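# based on what follows, work out the 3D shape:
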Amino acid sequence: MNARTSDAHHQAIYSLWHIPTSTLLVETNVASEVERRIEMVTTHGIAMDELLLNVEQDGLLVGKQHMGSSMLVALHTPE
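Model (predicted):
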């Protein structure tokens with residue numbers, strides 16, 4: 001699934017992964033879409049601790065990874 005959009009104000013690319021299955025749930029530059037996916041999968045029985053959020057910034061080779069509840073903090077923190 002790829003929900004990438006073109007928005008000049010967003011420099012971050014968010015990739016949400018389900019760790020045990022190595023499944024990419026969404027890749028987007030829209031933080032609210034990541035929040036929606038987190039809510040959707042957690043209501044269907046996936047634990048927050050099974051999710052990993054990778055945040056990549058334009059021009060940087062290495063992204064920042066967040067797990068569990070720190071993902072929500074990262075989504076609301078300007079990178």
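# where along the protein do the strands fall?
In chain order, the chain shows strands spanning 12-18, 23-28, 51-57, 64-67, with DSSP state E as the criterion.
# need the ones you listed in JSON lines (columns: distance to residue 75, mean pLDDT and mean neighbour count).
Any C-beta I mention is one placed from the backbone N, CA and C, and that applies to glycine too. Output for the strands of the chain, formatted as JSON lines (distance: least, CB to CB, whole Å; pLDDT from 0 to 100; neighbours: other CB atoms under 10 Å):
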{"stretch": "strand 12-18", "distance to residue 75": "7", "mean pLDDT": "94", "mean neighbour count": "19"}
{"stretch": "strand 23-28", "distance to residue 75": "11", "mean pLDDT": "96", "mean neighbour count": "17"}
{"stretch": "strand 51-57", "distance to residue 75": "7", "mean pLDDT": "93", "mean neighbour count": "19"}
{"stretch": "strand 64-67", "distance to residue 75": "9", "mean pLDDT": "94", "mean neighbour count": "16"}
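# out of those strands, nearest to residue 45?
With CB to CB, the closest approach to residue 45 among the strands of the chain belongs to strand 12-18: 11.4 Å.
# contacts for stretch 41-60 next, please.
Counting by CB atoms under 8 Å, 6 or more residues apart in numbering, stretch 41-60 makes contact with 11-20, 25, 34, 38, 63-69, 71, 74-75, 79, all of which sit outside it.
# repeat that for 7 Å
Counting by CB atoms under 7 Å, 6 or more residues apart in numbering, stretch 41-60 makes contact with 11-20, 25, 34, 38, 63-69, 71, 74, 79, all of which sit outside it.
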